[in-house]
Each structure stands twice: as C-alpha cells, then as structure tokens.
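1. only geometry, no sequence info:
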C-alpha cells in the first residue's frame, strides 16, 4: 500500500489481482471507508478506471426545488409523486451533460457560455 499527494489530494493505492473472470476484490479498508454496499459504479476517465459506491439516494439534490415547482403547477397526491419521480430521474443526466460540456469548454473543444449568459433572465 502506498500513499501519495496529487494536486493537494491525498491518494492511497494498493495493488489488487484480477481473476481469470476479470474480477477484483476491493480492499476491506476502502470498502468500509467509501461506503460500498452491493453495487459499484465503473467510470472510464482518460486511461483510468474509477470505481465508486452507487449512491442509493442520488438525485435528491434538487428535491425541494422540484417539489415546489410541481406544487406551484397544481400537482398533488399520486400525480405529484409520479411527476416528482419523472423530474428527479432527469437531474443526474442533466448534471453529467453540463460537466461534459464544461470539460469540452475547458479543453477549448467548444464555445463556452459566460456566467451572465447562463444565469440571464429569460425573456
């Protein structure tokens, strides 16, 4: 096990073996510390494979705003619950799309929007 600091972020690494079935075992210390349960999310980032625990309650970041908007539109009861679930499922893909666009802008692959353009009042 080795510890290093990269960009002021402490990183710890441990070499693990890969079985003939392409399986790995997450070291117990990492499993507990990071809060893994029964699922992991695999992300390819450049030439790295990132494993992180799946958050069961992901998407709740905008719950209050979504509910307020739906209530303002007159939804209640079962219809409110149905619409809330639909809107909540849209949050993560929207955030991921924004992050991907930000990465492309940072790499000068696309035009970027200014703060004023993003947060301008709609006409």
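-> Right, received. Where do you want to start? Owing to the predicted nature of the structure, the values given are computational and were not obtained by experimental measurement. Numbering: from 1, shown residues only.
2. the strand or helix carrying residue 86 packs against which elements?
-> When secondary structure is defined using DSSP states H and E, the element that contains residue 86 is helix 77-106. Based on contacts counted as 3 or more CB pairs under 8 Å, 6 or more residues apart in numbering; DSSP states H and E, the elements that helix 77-106 packs against are helix 63-72. The way it works is simple: take the backbone N, C-alpha and C, and place the C-beta from them, glycine included.
3. show me where the chain dips below the pLDDT cut-off.
-> 1-8, 56-60, 110-112, 122-123 (pLDDT under 70).
4. got the domain ranges for it?
-> Here the domain assignment for the chain is 15-54, 57-123, based on automatic domain parsing.
5. what is the end-to-end distance of stretch 17-37?
-> The straight-line separation of the ends of stretch 17-37 (CA to CA, to the nearest Å) is 21 Å.
6. what do you get for stretch 46-55?
-> With CA to CA as the measure, the first residue of stretch 46-55 is 23 Å from its last.
7. and that stretch, which residues are buried?
-> Of the residues in stretch 46-55, those buried under the neighbour-count criterion (16 or more other CB atoms under 10 Å) are residue 53.
8. what sits up against that stretch?
-> With contact meaning CB atoms under 8 Å, 6 or more residues apart in numbering, stretch 46-55 is reached by 26, 34-37, 39-44.
9. among those, which are located in helices?
-> Within the contacts of stretch 46-55, membership in helices is found for residue 34, as judged by DSSP state H.
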